[in-house]
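Student: Got a predicted structure here, sequence first:
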Amino acid sequence: MISASLVKDLREQTGAGMMDCKKALTECDGNLEAAIDWLREKGIAKSAKKESRIAAEGLAKIFVKGNRAVMIEINAETDFVSKNDEFKELLDTVGNTILKSKVKTLEEALELPCGEGTIADLMVAKTAKIGEKLDFRRLAVVTKKKGENFGAYSHMGGKITALVVVEGANEEVAKDVAMQAAAMSPKYVFKEDVPEEEVQREREVLKEQAMNEGKPADIAEKMVEGRLQKFYKEICLSLQAFIKDGDIDVTKYVTNNGGKLKSMEMFKVGEGIQKREENFADEVMAQIKG
């Protein structure tokens, strides 16, 4: 019996499709290393040796059709490859394939039929052809209801993408809010979205700051609450000062246009990925010794 966790491990190491991984493990009696070799021998996992590389460049893009919107991020190792037409075509193929489907998760998307195989198979094939590790990193699927509008915005050619939904207001208003998100990088939409542990951590830091300024405990507490409101205004989209009119916040801007802010999704390409920092001299010496 081949466990799901073993299939997952093989898939992560090779980028091959789920069924191919299961078949490889079955053929190799559950031996992970042998299964990797089996996939490579079959030409299914030509990119396995590239899995240890770091892909932190790339592009994100939004695809919209009717009441459904899809935002994806695909990464490459270098910015040069992400500007390549073949990479951009890959981005479009993956995005449009997902847009036409009913999938909601990255795992489901990877198994979608695409060309001669699945999206996962396509990623492996393109990795082998282009010569860099490519990674379909994440996916956001958003649907809107009647009376709601999408606001989509892409910044720096796809390095930052933001997708918002507003109720009542028009698409132009929604796009303004998406631009706001891309420019100001809010972590949350509403104050209520901020996890309590994050609030408590910030409260403790602010209290320590006030005490270090020599303020009495009761005064420090009041200062904390005031500064905490500033903290919310920095990290919550709905509370941020509107970039086109600093006298009002985003909520007021949407409300003034007969609407209500509903949701936000934002991708910053490579965000959170540990980029490799290599010393050139060390790299040369490593090659000489190798």
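Tutor: Good, I have the coordinates.
Student: OK, contacts around the residue nearest to residue 266 when sequence neighbours are not counted?
Tutor: Leaving aside its sequence neighbours, residue 266 sits nearest to residue 162 (CB to CB, 6 or more residues apart in numbering; 4.5 Å). The C-beta positions use only the backbone N, C-alpha and C, and glycine is treated the same way. Counting by CB atoms under 8 Å, 6 or more residues apart in numbering, residue 162 touches 151-153, 155, 178-179, 181-182, 264-267.
Student: State the helix or strand in which residue 162 lies.
Tutor: If you go by DSSP states H and E, residue 162 is part of strand 160-167.
Student: Please work out which residues outside the following helix or strand past that strand touch it.
Tutor: Next in sequence after strand 160-167, counting helices and strands by DSSP H and E, comes helix 171-184. Residues from elsewhere that reach helix 171-184 (CB under 8 Å, 6+ apart): 149-155, 160-166, 237, 240, 242-244, 250, 253-254, 257, 259, 261, 264, 266.
Student: What's the ChimeraX line that selects buried ones from these?
Tutor: A single ChimeraX command selects the buried members of these (16 or more other CB atoms under 10 Å):
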select :149,150,151,152,153,154,155,160,161,162,163,164,165,166,237,240,242,250,253,254,259,261,264,266
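Student: Count the neighbours of residue 272 for me.
Tutor: 7 (other CB atoms under 10 Å).
Student: and if you look at residue 63?
Tutor: Applying other CB under 10 Å, I find that residue 63 has 19 neighbouring residues.
Student: Mind listing the strands the host helix or strand of it pairs with, and their directions?
Tutor: Assigned by DSSP H and E, residue 63 belongs to strand 57-65. Sheet pairing of strand 57-65 (DSSP bridges) gives strand 68-76 (antiparallel).
Student: so the strand it pairs with versus strand 160-167, what angle?
Tutor: 170 degrees (axes from the mean of the first three to the mean of the last three CA atoms, to 10 degrees).
Student: Next secondary structure after strand 68-76?
Tutor: By DSSP H and E, the next helix or strand past strand 68-76 is helix 79-82.
Student: Tell me the gap between that next one and the middle of its chain.
Tutor: 18 Å (CA atoms, centre = their mean, to the nearest Å).
Student: Let me see the domain layout of this protein.
Tutor: The chain breaks down into these domains under automatic domain parsing: 4-50, 53-143.
Student: Make JSON lines out of those and add distance to residue 210 and mean pLDDT.
Tutor: Converted to JSON lines, the domains of the chain look like this (distance: least, CB to CB, whole Å; pLDDT from 0 to 100):
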{"stretch": "domain 4-50", "distance to residue 210": "46", "mean pLDDT": "79"}
{"stretch": "domain 53-143", "distance to residue 210": "38", "mean pLDDT": "94"}
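Student: could I get these as CSV with distance to residue 229?
Tutor: Formatted as CSV, the domains of the chain follow (distance: least, CB to CB, whole Å):
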stretch, distance to residue 229
domain 4-50, 43
domain 53-143, 29
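Student: right, and these - which one's nearest residue 273?
Tutor: Set against residue 273 and scored by CB to CB, the domains of the chain come closest in domain 53-143, at 4.2 Å.
Student: chain center to the closest one, what's the gap?
Tutor: With CA atoms, centre = their mean, you get 12 Å for domain 53-143.
Student: So which residues of the stretch 1-150 of the chain form helices?
Tutor: 4-14, 18-27, 32-41, 79-82, 85-99, 106-110, 119-130 (DSSP state H, counting those that start in this stretch).
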